[in-house]
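**Q** What would the 3D arrangement of this be:
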Amino acid sequence: MNIAVVVPCYRVHSKILGVLEKMPALVNHIICVDDACPDGSAEIIENQTNDPRIVVKRNPHNLGVGGAMITGFKTALQLGADIIVKVDGDGQMNPQKIAQLIKPIVDGKADYVKGNRFFLLENLDGMPRLRMVGNALLSFMNKLSTGYWQIFDPTNGFVAIHSRILALIPLDKIHHGYFFESDMLFRLATIRAVVRDFPQQALYSDENSSLNILKVIPQFLWLHTRNFFKRIFYNYLIRDFQLASIEWLLGPTLLIFGVIHGTLAWLDSAAAQINTPAGTVMLSALPIIIGLQLTLSAIGFDVGNQPSIPLHKLLDQDDTQPN
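**A** Below you'll find the model as predicted:
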């Protein structure tokens, strides 16, 4: 298969040459995207490497890791790649593991594969504790917003995707910043692509991560909330309508109504210094109970509603069918 690797380059001048040297022979194209790097990554690569597989692309101004990947993705599709892999230029990912990373796609068992640094607990010794806690919070938010409940470590950038699936994703709509990997999962969820984790050991040395977990959590919370409502609308109201769709509509509505009505009734009774009538209490309690049950049932269905047949295999079957 035609394999392309996209390497976003921004302030990685001390690591990038070592990363490129480790690219295995199975890789056909190495697309290095200089995202307006102040250290001149493009010049370093062009002047100090002679690998004919390397293609250097330059963004006119800094677009963020997502913007750099969009440039790389588009270039990989133009080069006719079958599988596109993302490898960061900071040396935290081992390019020698690319063969194992893409194997589920090659074997027709997944559309998208991503690294998971938490899979093997003995590999967590070198991970900063703040990053561990932050990733756990981000992973839960990601599960809720994407519906990929079996996926962990959503900000992991060691990923591979089949080109037929990438072609279905509106690349220009993907978030340009650090939310890129999470937004990719959301886009994949809307087309019900099969996503798998790949056990990975991150390589931490003297690099300084520019991703501040404490700063991005509020932003990620808003973006995940937005994606959650969009996914429920797309997958349960537009592309399909079933019992879970009714539960998503009624459950949160009844729950919110019960909480608001009960709060207002309690405030009115407290202000008048009288006991709240039993009927008023029931009018609040019953919607809360029913709404909570319906919401939990909808979440339970969502957890079990994981895509199992890789989408690119279905597309390949369509191509082989006679007209």
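**Q** pLDDT below threshold where in the chain?
**A** Of all residues in the chain, those with pLDDT under 70 make up the ranges 122-128, 202-214, 318-323.
**Q** where along it do the strands fall?
**A** In order along the chain, the chain carries the following strands (DSSP state E): 3-9, 29-34, 54-58, 83-86, 112-116, 159-162, 195-199.
**Q** For residue 146, which of the ones you listed is the nearest?
**A** When the strands of the chain are ranked by distance to residue 146, counting by C-beta to C-beta, first place goes to strand 195-199 at 8.5 Å. Glycine gets a C-beta too; all of them are placed from N, C-alpha and C.
**Q** could you dump the strands of the chain to a markdown table with distance to residue 230 and mean neighbour count?
**A** Listed next are the strands of the chain as a markdown table, based on distance: least, C-beta to C-beta, whole Å; neighbours: other C-beta atoms under 10 Å:
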| stretch | distance to residue 230 | mean neighbour count |
| --- | --- | --- |
| strand 3-9 | 26 | 27 |
| strand 29-34 | 28 | 25 |
| strand 54-58 | 30 | 17 |
| strand 83-86 | 24 | 26 |
| strand 112-116 | 19 | 24 |
| strand 159-162 | 21 | 26 |
| strand 195-199 | 18 | 19 |
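**Q** With distance to residue 41 added, can I get these in a markdown table?
**A** Output for the strands of the chain, formatted as a markdown table (distance: least, C-beta to C-beta, whole Å):
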| stretch | distance to residue 41 |
| --- | --- |
| strand 3-9 | 4 |
| strand 29-34 | 5 |
| strand 54-58 | 9 |
| strand 83-86 | 16 |
| strand 112-116 | 23 |
| strand 159-162 | 21 |
| strand 195-199 | 26 |
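**Q** For residue 131, which of those strands is the nearest?
**A** strand 112-116 (14.0 Å).
**Q** For this structure, just list every one of the helices.
**A** Here the chain has its helices, by DSSP state H, at 16-21, 41-48, 64-78, 98-106, 129-146, 163-166, 180-190, 213-233, 243-272, 278-304, 311-320.
**Q** and residue 85, which of these is closest to it?
**A** Evaluated over these, closeness to residue 85 peaks at helix 98-106, with 5.7 Å, by C-beta to C-beta.
**Q** what's in contact with the closest one?
**A** Surrounding helix 98-106, the residues in contact under the criterion C-beta atoms under 8 Å, 6 or more residues apart in numbering are 1, 3, 5, 23-24, 26-27, 83, 85, 87, 110-113, 115, 158, 160-162, 196, 198, 310, 312.
**Q** mind running it again at 10 Å?
**A** Residues outside helix 98-106 that contact it (C-beta atoms under 10 Å, 6 or more residues apart in numbering) are 1, 3, 5, 22-24, 26-27, 82-87, 93-95, 109-115, 158-163, 165, 194-200, 310, 312.
**Q** ok, now stretch 294-301?
**A** Stretch 294-301 is contacted from outside by 144, 147, 149, 232, 236, 242-255, using C-beta under 10 Å, 6+ apart.
**Q** if we can go back for a sec, which one of the strands of the chain lies nearest to residue 316?
**A** Each of those was scored for nearness to residue 316 using C-beta to C-beta, and the closest is strand 159-162 (9.8 Å).
**Q** Which strands or helices does that closest one pack on?
**A** With contacts taken as 3 or more C-beta pairs under 10 Å, 6 or more residues apart in numbering; DSSP states H and E, strand 159-162 sits against strand 3-9, helix 64-78, strand 83-86, helix 98-106, strand 112-116, helix 180-190, strand 195-199, helix 311-320.
**Q** how many degrees apart are the fourth one and strand 195-199 in direction?
**A** What it means is helix 98-106. Here helix 98-106 runs at 160 degrees with respect to strand 195-199, directions being taken by axes from the mean of the first three to the mean of the last three C-alpha atoms, to 10 degrees.
**Q** Looks like residue 63 contacts residue 35 (just checking).
**A** Yes - under the criterion of C-beta atoms under 10 Å, residue 63 is in contact with residue 35, at a separation of 6.0 Å.
**Q** quick one: contacts for residue 266?
**A** 276, 280, 281, 284.
**Q** For residue 190, see how far away it is.
**A** 40 Å (C-beta to C-beta, to the nearest Å).
**Q** same deal with residue 87?
**A** Distance, residue 87 to residue 190, using C-beta to C-beta: 26 Å.
**Q** These two: who's more crowded?
**A** Shown here are residue 87 and residue 190; by other C-beta atoms under 10 Å, residue 87 has more neighbours (27 against 20).
**Q** how about the more buried one, what does it touch?
**A** So residue 87 contacts 5-8, 19-20, 22-23, 27, 30, 93-95, 97-98, 101, 157-160 (C-beta under 10 Å, 6+ apart).
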